[in-house]
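> Got a sequence here, can you model it:
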Amino acid sequence: MRIGFIGLGLMGTPLAINILKGGFELTVWNRTAAKTEPLLAAGAVRAESIGQLARWSDVVITMLTDAAASESVICGENGVLDNARPGLIVIDMGSIAPEMSRSIAERAKERSVRMLDAPVTGNPKVAEAGKLGVMIGGEKEAVDHVRPLLEKVSAVIVHAGPSGAGSTLKLVNNLIMGVAIEAVAEALVLARKAGIDPDCVRQITSVGGARTGAMETRGSRMVAHDFSPHFSTDNMHKDLSTALRLADAVGAVAPAASAALEVLRAARAQGKGSLDSAVVYTVIEQLCGLSPRG
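Sure thing, here's the model as predicted:
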């Protein structure tokens, strides 16, 4: 398979590098051309345009910021579909709304292109290790065809159902993460207010039923006020907002997610949208009258 990759950000770059390490022929394109340099050094070829990349590829992977970017790159003028050969498979690994995934898949089908929505779970370090979780919506035959490729970047692959199911499962997954990050922030601030070193919370929750990935990946960073972006506040806000719209559409309730969204909204109002979503810790600090402590 000849692979094309579009979107070389924090997650896209390690994904693309692992595809190269897996022995696949790789062509890359990025709006900021300088971001292709690490891939070129590792053996990839740079396309001069999205169209050229699509024409050279059997499978095109996109890892973009939001639904608007995915739609523009895949469906826009001189985008992937305008230049696709029949039989091309497009794998959109960004986190977008399920209805947009289904819409893109329908337009791809009109061009005899198969589209898979395949968002991931994990941070850049997990991506570097090739241990991401991939959740997929789309035709089983297409999933089976690209599974050897996806196995080079992931530890777990879940085919959730038809088009849009992968994007839906990602919203469910990120609802859990968003609420967990909020809970960790509240617990650490509560410990401080009660006179307990927050690191004691981190230590004791490393075992037992309160153990959570949110504490393990963000607890110590919250206490140290290290909010360098892994998964930004803006992205978490986007995903929880979309998850709550989904809940409304299907008649589900999500009160904890609603509360977590409000704290994310407060962080964004304070100009912290580009920082890691763990920055909600500072909002809880302020609400409790605590000053920042490194």
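> would you list every one of the strands in this protein?
2-6, 25-29, 45-46, 59-62, 89-92, 114-117, 120-121, 132-137, 154-161 (DSSP state E).
> Tell me how far the longest one lies from the chain's centre.
The chain centroid and the centroid of strand 154-161 are separated by 14 Å under CA atoms, centre = their mean, to the nearest Å.
> Centre of this structure to the edge, which residue is at the far end?
residue 195 (36.5 Å; CA atoms, centre = their mean).
> Now the phi/psi pair for that one, please.
Backbone geometry at residue 195, expressed as degrees, to the nearest 10, gives phi 80, psi 20.
> Residue 270 against residue 280, yeah?
No: using CB atoms under 8 Å as the test, residue 270 is too far from residue 280 to be in contact (10.5 Å). For glycine as for every other residue, the C-beta is placed from the backbone atoms N, C-alpha and C.
> More neighbours: which of the two?
Per other CB atoms under 10 Å, whichever of residue 270 and residue 280 has more neighbours is residue 280, with 28 against 14.
> hang on, isn't that one packed against residue 183?
No: counting by CB under 8 Å, residue 280 sits too far from residue 183 to count as a contact (10.2 Å).
> so where is this structure shaky, pLDDT-wise?
293-294 (pLDDT under 70).
> With distance to residue 223 as new columns, can the strands of the chain be given to me in JSON lines?
Listed next are those as JSON lines, based on distance: least, CB to CB, whole Å:
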{"stretch": "strand 2-6", "distance to residue 223": "37"}
{"stretch": "strand 25-29", "distance to residue 223": "38"}
{"stretch": "strand 45-46", "distance to residue 223": "42"}
{"stretch": "strand 59-62", "distance to residue 223": "36"}
{"stretch": "strand 89-92", "distance to residue 223": "36"}
{"stretch": "strand 114-117", "distance to residue 223": "36"}
{"stretch": "strand 120-121", "distance to residue 223": "24"}
{"stretch": "strand 132-137", "distance to residue 223": "27"}
{"stretch": "strand 154-161", "distance to residue 223": "29"}
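> Just give me the neighbour total for the closest residue to residue 217 other than its chain neighbours.
Distances taken as CB to CB, 6 or more residues apart in numbering put residue 123 closest to residue 217, at 6.8 Å, once the chain neighbours are dropped. By other CB under 10 Å, 18 other residues sit near residue 123.
> So residue 123 sits against residue 230, correct?
Yes: between residue 123 and residue 230 there is a contact at 4.6 Å, judged by CB under 8 Å.
> Find residues that contact each of the two.
residue 217 (CB atoms under 8 Å, 6 or more residues apart in numbering).
> which stretches of the stretch 51-200 of the chain form helices?
With DSSP state H, counting those that start in this stretch, the ranges of helices along the stretch 51-200 of the chain come out as 67-75, 98-110, 124-128, 140-150, 165-193, 198-204.
> out of the ones you listed, deepest packed?
The highest mean neighbour count among the helices of the stretch 51-200 of the chain, using mean count of other CB atoms under 10 Å, belongs to helix 165-193: a mean of 21.
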